[in-house]
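Trainee: The amino acid sequence is not available; the structure is as follows:
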Ligand SMILES: [Ca+2]
Ligand SMILES: [Ca+2]
(Lines give C-alpha, C1' and ligand atoms only; values in the text may rest on other atoms or scores of the structure.)
(Ligands and ions follow the chains in the order given, each with its own letter.)
Protein backbone atom coordinates (compact mmCIF):
# COMPACT_ATOMS: atom_id res chain seq x y z
CA UNK A 1 0.00 0.00 0.00
CA UNK A 2 1.53 3.33 -0.97
CA UNK A 3 2.15 5.60 1.96
CA UNK A 4 0.18 8.44 0.51
CA UNK A 5 -2.92 6.38 -0.17
CA UNK A 6 -6.10 7.83 1.22
CA UNK A 7 -8.13 6.07 3.81
CA UNK A 8 -11.43 7.17 5.12
CA UNK A 9 -13.03 6.31 8.42
CA UNK A 10 -16.10 8.35 7.71
CA UNK A 11 -19.10 6.11 7.71
CA UNK A 12 -21.43 9.10 7.70
CA UNK A 13 -19.81 10.70 4.70
CA UNK A 14 -19.63 7.39 2.91
CA UNK A 15 -23.34 6.87 3.47
CA UNK A 16 -24.15 10.14 1.83
CA UNK A 17 -21.55 9.70 -0.84
CA UNK A 18 -19.80 12.46 -2.67
CA UNK A 19 -20.45 14.01 -5.98
CA UNK A 20 -18.82 12.49 -9.00
CA UNK A 21 -19.26 14.97 -11.77
CA UNK A 22 -17.49 14.34 -15.01
CA UNK A 23 -17.33 16.12 -18.30
CA UNK A 24 -18.98 19.34 -17.25
CA UNK A 25 -16.36 21.96 -16.74
CA UNK A 26 -17.18 24.88 -14.54
CA UNK A 27 -16.58 28.44 -15.54
CA UNK A 28 -16.13 31.45 -13.42
CA UNK A 29 -19.05 33.74 -12.72
CA UNK A 30 -18.88 37.51 -12.72
CA UNK A 31 -18.76 37.60 -8.94
CA UNK A 32 -15.71 35.38 -8.87
CA UNK A 33 -12.91 36.79 -6.80
CA UNK A 34 -9.59 35.05 -6.54
CA UNK A 35 -7.34 35.14 -3.54
CA UNK A 36 -3.74 35.47 -4.62
CA UNK A 37 -2.24 35.95 -1.22
CA UNK A 38 -3.38 36.30 2.33
CA UNK A 39 -2.82 40.02 1.94
CA UNK A 40 -5.72 40.33 -0.51
CA UNK A 41 -8.48 38.29 1.03
CA UNK A 42 -11.99 38.14 -0.34
CA UNK A 43 -14.86 39.75 1.44
CA UNK A 44 -17.38 37.14 0.42
CA UNK A 45 -16.18 33.84 -0.89
CA UNK A 46 -17.71 33.07 -4.24
CA UNK A 47 -14.59 31.65 -5.86
CA UNK A 48 -15.06 28.29 -7.59
CA UNK A 49 -14.73 25.36 -5.26
CA UNK A 50 -14.25 22.48 -7.61
CA UNK A 51 -10.48 22.23 -7.62
CA UNK A 52 -9.48 20.59 -4.38
CA UNK A 53 -5.96 21.39 -3.29
CA UNK A 54 -3.77 18.37 -2.68
CA UNK A 55 -1.59 18.75 0.38
CA UNK A 56 2.02 17.83 -0.05
CA UNK A 57 2.49 14.36 1.44
CA UNK A 58 6.05 13.65 2.51
CA UNK A 59 7.31 10.31 1.24
CA UNK A 60 9.34 8.56 3.97
CA UNK A 61 12.20 8.32 1.47
CA UNK A 62 12.30 12.10 1.38
CA UNK A 63 11.62 12.70 5.07
CA UNK A 64 14.21 14.39 7.24
CA UNK A 65 13.53 12.03 10.13
CA UNK A 66 11.02 9.21 10.41
CA UNK A 67 9.76 8.05 13.80
CA UNK A 68 7.43 5.22 14.70
CA UNK A 69 5.15 4.99 17.71
CA UNK A 70 3.82 1.57 18.63
CA UNK A 71 1.68 1.45 21.78
CA UNK A 72 1.83 -2.35 21.94
CA UNK A 73 5.46 -3.20 21.27
CA UNK A 74 7.32 0.11 21.52
CA UNK A 75 9.38 1.67 24.28
CA UNK A 76 10.23 5.30 24.91
CA UNK A 77 13.83 4.28 25.51
CA UNK A 78 14.09 3.06 21.91
CA UNK A 79 15.57 5.14 19.09
CA UNK A 80 12.16 5.40 17.45
CA UNK A 81 13.56 5.30 13.94
CA UNK A 82 12.32 1.89 12.79
CA UNK A 83 9.31 -0.35 13.28
CA UNK A 84 11.45 -2.65 15.41
CA UNK A 85 12.66 0.14 17.69
CA UNK A 86 9.49 2.19 17.87
CA UNK A 87 8.65 4.54 20.71
CA UNK A 88 5.73 3.58 22.87
CA UNK A 89 4.30 7.10 23.12
CA UNK A 90 4.72 10.53 21.58
CA UNK A 91 6.58 11.77 24.65
CA UNK A 92 10.09 11.56 23.11
CA UNK A 93 9.14 13.76 20.14
CA UNK A 94 7.34 16.18 22.44
CA UNK A 95 9.86 16.47 25.26
CA UNK A 96 13.27 15.13 24.22
CA UNK A 97 15.37 17.72 22.40
CA UNK A 98 17.09 14.96 20.46
CA UNK A 99 13.86 14.08 18.72
CA UNK A 100 12.28 17.51 18.43
CA UNK A 101 10.17 17.66 15.30
CA UNK A 102 11.22 19.92 12.44
CA UNK A 103 10.30 20.51 8.81
CA UNK A 104 10.10 17.31 6.81
CA UNK A 105 9.80 14.97 9.78
CA UNK A 106 7.22 12.18 9.72
CA UNK A 107 5.83 10.33 12.73
CA UNK A 108 3.93 7.11 12.04
CA UNK A 109 1.43 5.93 14.60
CA UNK A 110 0.82 2.21 14.61
CA UNK A 111 -2.59 0.66 15.19
CA UNK A 112 -3.88 0.09 18.69
CA UNK A 113 -4.87 2.35 21.53
CA UNK A 114 -2.39 5.10 22.30
CA UNK A 115 -2.76 6.08 25.95
CA UNK A 116 -1.14 9.20 27.27
CA UNK A 117 1.14 9.19 30.28
CA UNK A 118 1.18 11.85 32.96
CA UNK A 119 -1.20 14.75 33.14
CA UNK A 120 -0.52 16.41 29.83
CA UNK A 121 -2.16 15.79 26.51
CA UNK A 122 -0.48 16.08 23.09
CA UNK A 123 1.37 19.33 22.61
CA UNK A 124 2.36 20.29 19.06
CA UNK A 125 2.65 24.01 19.75
CA UNK A 126 5.36 26.19 18.22
CA UNK A 127 6.26 23.51 15.68
CA UNK A 128 6.96 24.85 12.22
CA UNK A 129 7.05 22.94 8.99
CA UNK A 130 6.99 24.38 5.50
CA UNK A 131 4.65 23.90 2.57
CA UNK A 132 7.19 21.63 0.86
CA UNK A 133 8.24 19.95 4.07
CA UNK A 134 5.39 19.80 6.54
CA UNK A 135 5.67 18.04 9.88
CA UNK A 136 3.46 14.97 9.62
CA UNK A 137 1.89 12.81 12.29
CA UNK A 138 -0.15 10.10 10.71
CA UNK A 139 -1.36 6.52 10.83
CA UNK A 140 1.00 3.91 9.53
CA UNK A 141 -0.75 3.07 6.25
CA UNK A 142 -3.19 0.22 6.69
CA UNK A 143 -3.40 0.64 10.45
CA UNK A 144 -5.84 2.53 12.65
CA UNK A 145 -4.38 4.26 15.68
CA UNK A 146 -6.76 5.40 18.40
CA UNK A 147 -5.51 8.15 20.69
CA UNK A 148 -7.41 7.88 23.95
CA UNK A 149 -6.74 11.12 25.77
CA UNK A 150 -8.53 9.57 28.72
CA UNK A 151 -9.54 12.97 30.11
CA UNK A 152 -5.95 14.02 30.75
CA UNK A 153 -4.87 17.64 30.38
CA UNK A 154 -7.28 20.09 28.80
CA UNK A 155 -7.30 19.96 25.00
CA UNK A 156 -6.57 16.66 23.26
CA UNK A 157 -4.03 18.11 20.83
CA UNK A 158 -2.74 21.66 21.31
CA UNK A 159 -1.37 23.52 18.31
CA UNK A 160 -0.57 27.08 19.41
CA UNK A 161 1.39 29.01 16.81
CA UNK A 162 1.95 25.86 14.74
CA UNK A 163 2.52 26.02 11.00
CA UNK A 164 2.35 23.37 8.29
CA UNK A 165 1.53 20.47 10.58
CA UNK A 166 -0.30 17.55 8.94
CA UNK A 167 -2.40 15.21 11.07
CA UNK A 168 -3.79 12.24 9.22
CA UNK A 169 -5.62 8.97 9.66
CA UNK A 170 -6.32 8.47 13.35
CA UNK A 171 -9.07 8.56 15.94
CA UNK A 172 -8.98 10.91 18.93
CA UNK A 173 -11.35 10.58 21.88
CA UNK A 174 -12.27 11.29 25.50
CA UNK A 175 -11.19 14.90 25.85
CA UNK A 176 -12.10 17.45 28.52
CA UNK A 177 -12.13 20.48 26.23
CA UNK A 178 -11.36 20.73 22.49
CA UNK A 179 -10.33 17.65 20.57
CA UNK A 180 -7.85 19.81 18.66
CA UNK A 181 -7.16 23.44 19.61
CA UNK A 182 -5.32 25.27 16.83
CA UNK A 183 -4.74 28.84 17.86
CA UNK A 184 -2.32 31.73 17.72
CA UNK A 185 0.54 31.88 20.18
CA UNK A 186 2.18 34.92 21.73
CA UNK A 187 4.71 34.71 18.90
CA UNK A 188 2.30 34.71 15.99
CA UNK A 189 -0.50 32.98 14.13
CA UNK A 190 -1.13 29.31 13.57
CA UNK A 191 -1.42 28.60 9.89
CA UNK A 192 -1.57 26.22 6.96
CA UNK A 193 -2.15 22.97 8.81
CA UNK A 194 -3.86 19.92 7.32
CA UNK A 195 -6.35 17.73 9.18
CA UNK A 196 -7.28 14.71 7.14
CA UNK A 197 -9.10 11.40 7.70
CA UNK A 198 -9.63 11.94 11.40
CA UNK A 199 -12.43 10.86 13.68
CA UNK A 200 -12.69 13.05 16.76
CA UNK A 201 -15.28 12.23 19.37
CA UNK A 202 -16.36 12.62 22.97
CA UNK A 203 -14.82 16.02 23.53
CA UNK A 204 -16.27 18.64 25.83
CA UNK A 205 -16.45 15.96 28.48
CA UNK A 206 -15.05 18.08 31.33
CA UNK A 207 -16.66 20.84 33.35
CA UNK A 208 -15.22 23.69 31.29
CA UNK A 209 -16.85 25.28 28.28
CA UNK A 210 -15.44 25.23 24.75
CA UNK A 211 -15.29 21.58 24.01
CA UNK A 212 -15.22 21.50 20.22
CA UNK A 213 -14.04 18.82 17.84
CA UNK A 214 -11.62 21.23 16.16
CA UNK A 215 -11.32 24.81 17.37
CA UNK A 216 -9.60 27.47 15.24
CA UNK A 217 -9.16 30.46 17.50
CA UNK A 218 -7.54 33.86 17.27
CA UNK A 219 -5.18 34.40 14.38
CA UNK A 220 -5.41 30.89 13.03
CA UNK A 221 -5.45 30.88 9.24
CA UNK A 222 -5.50 28.82 6.08
CA UNK A 223 -6.16 25.34 7.43
CA UNK A 224 -7.44 22.47 5.31
CA UNK A 225 -9.82 20.01 6.94
CA UNK A 226 -10.82 17.03 4.86
CA UNK A 227 -12.78 13.89 5.70
CA UNK A 228 -12.87 14.69 9.39
CA UNK A 229 -15.83 13.54 11.50
CA UNK A 230 -16.54 15.28 14.81
CA UNK A 231 -19.21 13.80 17.04
CA UNK A 232 -20.42 13.61 20.61
CA UNK A 233 -19.51 17.04 21.89
CA UNK A 234 -20.82 17.11 25.42
CA UNK A 235 -20.30 20.66 26.66
CA UNK A 236 -23.62 22.36 27.33
CA UNK A 237 -24.23 25.28 24.95
CA UNK A 238 -20.68 25.22 23.68
CA UNK A 239 -19.66 21.96 21.99
CA UNK A 240 -19.52 22.43 18.23
CA UNK A 241 -18.07 19.97 15.77
CA UNK A 242 -15.97 22.63 14.02
CA UNK A 243 -15.55 26.07 15.55
CA UNK A 244 -14.00 29.32 14.33
CA UNK A 245 -13.60 31.99 16.96
CA UNK A 246 -11.49 34.77 18.38
CA UNK A 247 -11.67 38.12 20.11
CA UNK A 248 -11.59 41.72 18.93
CA UNK A 249 -9.72 41.94 15.64
CA UNK A 250 -7.87 38.71 16.27
CA UNK A 251 -10.15 36.43 14.31
CA UNK A 252 -9.65 33.22 12.42
CA UNK A 253 -10.48 32.36 8.82
CA UNK A 254 -9.50 31.37 5.29
CA UNK A 255 -10.09 27.70 6.00
CA UNK A 256 -11.34 24.98 3.70
CA UNK A 257 -13.54 22.14 4.94
CA UNK A 258 -14.29 19.24 2.60
CA UNK A 259 -16.35 16.11 3.20
CA UNK A 260 -16.45 16.76 6.93
CA UNK A 261 -19.27 15.49 9.11
CA UNK A 262 -20.51 16.83 12.46
CA UNK A 263 -23.18 15.09 14.51
CA UNK A 264 -24.47 14.85 18.06
CA UNK A 265 -22.75 17.99 19.23
CA UNK A 266 -24.60 19.58 22.13
CA UNK A 267 -24.37 22.98 20.42
CA UNK A 268 -23.81 23.30 16.65
CA UNK A 269 -22.31 21.26 13.82
CA UNK A 270 -20.19 23.98 12.19
CA UNK A 271 -20.03 27.25 14.12
CA UNK A 272 -18.12 30.15 12.54
CA UNK A 273 -19.14 32.48 15.32
CA UNK A 274 -16.13 34.79 15.16
CA UNK A 275 -14.80 34.05 11.72
CA UNK A 276 -12.79 36.85 10.14
CA UNK A 277 -15.06 38.34 7.43
CA UNK A 278 -12.03 39.39 5.39
CA UNK A 279 -10.89 35.78 5.35
CA UNK A 280 -13.96 33.78 4.47
CA UNK A 281 -13.94 30.00 4.67
CA UNK A 282 -15.19 27.42 2.19
CA UNK A 283 -17.34 24.51 3.32
CA UNK A 284 -17.73 21.91 0.59
CA UNK A 285 -19.65 18.60 0.59
CA UNK A 286 -20.01 18.69 4.36
CA UNK A 287 -22.80 17.25 6.49
CA UNK A 288 -24.23 18.31 9.85
CA UNK A 289 -26.94 16.27 11.53
CA UNK A 290 -28.55 15.72 14.91
CA UNK A 291 -26.70 18.61 16.52
CA UNK A 292 -28.26 20.40 19.48
CA UNK A 293 -27.93 17.37 21.70
CA UNK A 294 -25.04 15.09 22.53
CA UNK A 295 -27.41 12.16 22.67
CA UNK A 296 -26.84 11.99 26.40
CA UNK A 297 -29.10 14.73 27.69
CA UNK A 298 -26.86 17.77 27.17
CA UNK A 299 -28.28 20.40 24.82
CA UNK A 300 -27.46 23.72 23.15
CA UNK A 301 -28.19 25.84 20.08
CA UNK A 302 -28.63 23.05 17.55
CA UNK A 303 -27.74 24.61 14.20
CA UNK A 304 -26.22 22.60 11.39
CA UNK A 305 -24.09 25.35 9.85
CA UNK A 306 -23.83 28.65 11.75
CA UNK A 307 -22.01 31.04 9.46
CA UNK A 308 -21.58 34.09 11.66
CA UNK A 309 -22.00 35.72 15.02
CA UNK A 310 -23.10 39.32 14.55
CA UNK A 311 -21.30 42.44 13.42
CA UNK A 312 -18.14 41.97 11.34
CA UNK A 313 -18.51 38.25 10.87
CA UNK A 314 -19.50 36.14 7.88
CA UNK A 315 -18.08 36.09 4.36
CA UNK A 316 -18.16 32.29 4.17
CA UNK A 317 -19.45 29.96 1.50
CA UNK A 318 -21.29 26.64 1.88
CA UNK A 319 -21.38 24.55 -1.28
CA UNK A 320 -23.27 21.26 -1.65
CA UNK A 321 -23.64 20.85 2.10
CA UNK A 322 -26.41 18.94 3.87
CA UNK A 323 -28.06 19.72 7.21
CA UNK A 324 -30.71 17.44 8.64
CA UNK A 325 -32.34 16.65 11.97
CA UNK A 326 -30.59 19.45 13.81
CA UNK A 327 -32.74 20.89 16.58
CA UNK A 328 -32.75 24.50 15.27
CA UNK A 329 -31.75 25.91 11.85
CA UNK A 330 -30.13 23.91 9.10
CA UNK A 331 -28.13 26.90 7.85
CA UNK A 332 -27.98 29.98 10.06
CA UNK A 333 -26.51 33.32 9.08
CA UNK A 334 -26.73 34.22 12.78
CA UNK A 335 -26.61 37.96 12.34
CA UNK A 336 -23.46 38.06 10.22
CA UNK A 337 -22.86 41.52 8.77
CA UNK A 338 -20.86 40.32 5.77
CA UNK A 339 -22.78 38.25 3.23
CA UNK A 340 -22.52 34.48 3.26
CA UNK A 341 -23.13 32.33 0.21
CA UNK A 342 -25.21 29.14 0.26
CA UNK A 343 -25.12 27.23 -3.02
CA UNK A 344 -26.64 23.78 -3.65
CA UNK A 345 -27.32 23.17 0.01
CA UNK A 346 -29.98 20.78 1.27
CA UNK A 347 -31.75 21.48 4.55
CA UNK A 348 -34.10 18.75 5.70
CA UNK A 349 -36.22 18.15 8.76
CA UNK A 350 -34.43 20.60 11.05
CA UNK A 351 -36.26 21.90 14.10
CA UNK A 352 -36.94 25.48 13.07
CA UNK A 353 -36.15 26.84 9.61
CA UNK A 354 -34.13 25.40 6.76
CA UNK A 355 -32.23 28.65 6.21
CA UNK A 356 -32.05 31.78 8.34
CA UNK A 357 -30.74 35.05 6.90
CA UNK A 358 -30.61 37.21 10.01
CA UNK A 359 -28.18 40.12 9.97
CA UNK A 360 -28.36 43.18 7.80
CA UNK A 361 -25.68 42.43 5.25
CA UNK A 362 -24.82 44.80 2.41
CA UNK A 363 -24.85 43.40 -0.20
CA UNK A 364 -27.35 40.68 0.66
CA UNK A 365 -26.47 37.09 1.35
CA UNK A 366 -26.61 34.76 -1.63
CA UNK A 367 -28.61 31.52 -1.83
CA UNK A 368 -28.81 29.62 -5.10
CA UNK A 369 -29.99 26.17 -6.16
CA UNK A 370 -30.68 25.18 -2.58
CA UNK A 371 -33.42 23.03 -1.21
CA UNK A 372 -35.36 23.09 2.05
CA UNK A 373 -38.02 20.58 3.00
CA UNK A 374 -39.99 19.57 6.06
CA UNK A 375 -38.24 21.95 8.43
CA UNK A 376 -40.27 22.59 11.58
CA UNK A 377 -41.24 26.21 11.00
CA UNK A 378 -40.61 26.64 7.31
CA UNK A 379 -38.00 26.90 4.59
CA UNK A 380 -36.63 30.41 5.13
CA UNK A 381 -36.46 32.93 7.97
CA UNK A 382 -35.91 36.61 7.05
CA UNK A 383 -36.07 35.99 3.33
CA UNK A 384 -35.69 39.73 2.60
CA UNK A 385 -31.99 39.66 3.48
CA UNK A 386 -30.89 37.36 0.70
CA UNK A 387 -30.43 37.40 -3.03
CA UNK A 388 -32.41 34.24 -3.49
CA UNK A 389 -32.18 32.60 -6.86
CA UNK A 390 -33.76 29.35 -8.03
CA UNK A 391 -34.09 27.75 -4.62
CA UNK A 392 -36.92 25.36 -3.80
CA UNK A 393 -38.77 28.14 -1.95
CA UNK A 394 -38.45 30.52 -4.91
CA UNK A 395 -40.00 27.90 -7.16
CA UNK A 396 -42.78 26.87 -4.75
CA UNK A 397 -41.71 23.27 -4.88
CA UNK A 398 -43.98 21.34 -2.52
CA UNK A 399 -42.14 18.04 -2.61
CA UNK A 400 -38.60 17.50 -3.93
CA UNK A 401 -39.39 13.80 -4.37
CA UNK A 402 -36.39 12.44 -2.55
CA UNK A 403 -35.51 8.81 -3.19
CA UNK A 404 -35.13 8.21 0.55
CA UNK A 405 -35.66 10.16 3.73
CA UNK A 406 -33.99 7.59 5.95
CA UNK A 407 -30.20 7.41 5.95
CA UNK A 408 -28.39 4.99 3.69
CA UNK A 409 -28.04 4.75 -0.05
CA UNK A 410 -29.92 7.44 -1.97
CA UNK A 411 -30.65 9.47 1.17
CA UNK A 412 -31.88 12.92 0.06
CA UNK A 413 -31.08 12.12 -3.57
CA UNK A 414 -33.59 13.11 -6.21
CA UNK A 415 -35.77 10.66 -8.08
CA UNK A 416 -36.53 10.72 -11.77
CA UNK A 417 -39.27 13.26 -12.34
CA UNK A 418 -38.34 15.39 -9.32
CA UNK A 419 -39.21 19.07 -9.91
CA UNK A 420 -35.70 19.89 -8.60
CA UNK A 421 -33.96 18.33 -11.58
CA UNK A 422 -32.50 20.94 -13.93
CA UNK A 423 -34.41 23.64 -12.04
CA UNK A 424 -31.32 25.59 -10.99
CA UNK A 425 -29.26 28.40 -12.44
CA UNK A 426 -25.72 28.06 -13.78
CA UNK A 427 -23.45 29.39 -11.03
CA UNK A 428 -20.19 28.47 -12.74
CA UNK A 429 -19.82 25.12 -11.03
CA UNK A 430 -20.14 21.65 -12.59
CA UNK A 431 -23.54 20.04 -13.09
CA UNK A 432 -25.15 17.23 -15.05
CA UNK A 433 -27.81 17.50 -17.73
CA UNK A 434 -29.39 20.68 -19.06
CA UNK A 435 -29.01 22.76 -15.90
CA UNK A 436 -27.98 22.38 -12.26
CA UNK A 437 -30.40 20.55 -9.98
CA UNK A 438 -31.49 21.90 -6.61
CA UNK A 439 -29.82 20.65 -3.47
CA UNK A 440 -26.53 18.95 -2.77
CA UNK A 441 -26.75 16.06 -5.21
CA UNK A 442 -27.18 16.13 -8.97
CA UNK A 443 -29.53 13.49 -10.27
CA UNK A 444 -27.59 10.81 -12.12
CA1 LIG B 1 -21.92 27.06 19.02
CA1 LIG C 1 -29.02 18.69 -13.71
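Mentor: Nice, I can see it. Nothing here was measured: the structure is a model prediction, and the numbers come from that model. Residues are numbered from 1 along each chain as shown. Ligands and ions are numbered 1, 2, ... in the order given.
Trainee: Spatially central residue in the protein, please.
Mentor: Here the mean C-alpha position of the chain is nearest to the C-alpha of residue 257 (CA atoms, centre = their mean), at a distance of 4.2 Å.
Trainee: For that one, give me its contacts.
Mentor: Listed by CB atoms under 8 Å, 6 or more residues apart in numbering, the contact partners of residue 257 are 225-226, 228, 242, 270, 281-284, 286. Glycine gets a C-beta too; all of them are placed from N, C-alpha and C.
Trainee: Let me know whether residue 343 touches residue 365 as I believe.
Mentor: No - with contact taken as CB atoms under 8 Å, residue 343 and residue 365 are classed as non-touching, separated by 11.2 Å.
Trainee: and residue 155, how far is that from residue 280?
Mentor: Here residue 155 is placed at a distance of 26 Å from residue 280 (CB to CB, to the nearest Å).
Trainee: quick one: which of these two has more around it?
Mentor: Under the neighbour definition other CB atoms under 10 Å, residue 155 and residue 280 were set side by side, and residue 280 has more, 30 against 25.
Trainee: My guess is that one contacts residue 253. True?
Mentor: Yes - applying CB under 8 Å as the test, residue 280 and residue 253 come out as touching, 6.3 Å apart.
Trainee: hmm, back to that, restricted to buried residues, select the contacts of residue 257 in PyMOL.
Mentor: With 16 or more other CB atoms under 10 Å as the burial test, the buried ones among these are selected in PyMOL as follows:
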select buried, resi 225+226+228+242+270+281+282+283+284+286
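Trainee: which stretches of the protein have low pLDDT?
Mentor: Low-confidence segments of the chain, defined by pLDDT under 70, span residues 1-47, 50.
Trainee: For ligand 2, give me its nearest residue in it.
Mentor: The minimum distance from the chain to ligand 2, using CB to the ion, falls at residue 433 (3.5 Å).
Trainee: Checking my notes, that residue in a strand, right?
Mentor: No - secondary structure assignment (DSSP: H, G, I helix; E, B strand; the rest coil) places residue 433 in coil, not in a strand.
Trainee: can you tell me which residues contact it?
Mentor: With contacts defined as CB under 8 Å, 6+ apart, the neighbours of residue 433 are 421-422, 442-443.
Trainee: Report the secondary structure state of residue 68.
Mentor: Under the three-state scheme (three-state DSSP), residue 68 adopts strand.
Trainee: burial count for it?
Mentor: Residue 68 has 22 neighbours, counted by other CB under 10 Å.
Trainee: can you map out the strands along the stretch 1-150 of the chain?
Mentor: In the stretch 1-150 of the chain, strands defined by DSSP state E, counting those that start in this stretch lie at 66-69, 106-109, 112-115, 122-123, 135-139, 145-148, listed in chain order.
Trainee: Now distance to ligand 1 too, for these, in JSON lines please.
Mentor: Putting the strands of the stretch 1-150 of the chain into JSON lines (distance: least, CB to the ion, whole Å) gives the following:
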{"stretch": "strand 66-69", "distance to ligand 1": "34"}
{"stretch": "strand 106-109", "distance to ligand 1": "30"}
{"stretch": "strand 112-115", "distance to ligand 1": "29"}
{"stretch": "strand 122-123", "distance to ligand 1": "24"}
{"stretch": "strand 135-139", "distance to ligand 1": "28"}
{"stretch": "strand 145-148", "distance to ligand 1": "24"}
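Trainee: Any idea which of the ones you listed gets closest to residue 197?
Mentor: Shortest separation from residue 197 across the strands of the stretch 1-150 of the chain is recorded for strand 135-139, at 7.8 Å, computed as CB to CB.
Trainee: Okay, buried residues for the closest one please.
Mentor: Buried positions in strand 135-139, judged by neighbour count with 16+ other CB under 10 Å: 135-139.
Trainee: Kindly report the same for stretch 160-167.
Mentor: Across stretch 160-167, burial judged by 16+ other CB under 10 Å covers 160-167.
Trainee: just stretch 90-105 next, same as before
Mentor: Within stretch 90-105, the residues scored as buried using 16+ other CB under 10 Å are 90-94, 99, 101, 103-105.
Trainee: from what I can see residue 129 touches residue 164, true?
Mentor: Yes - in terms of CB under 8 Å, residue 129 counts as a neighbour of residue 164; the distance is 3.4 Å.
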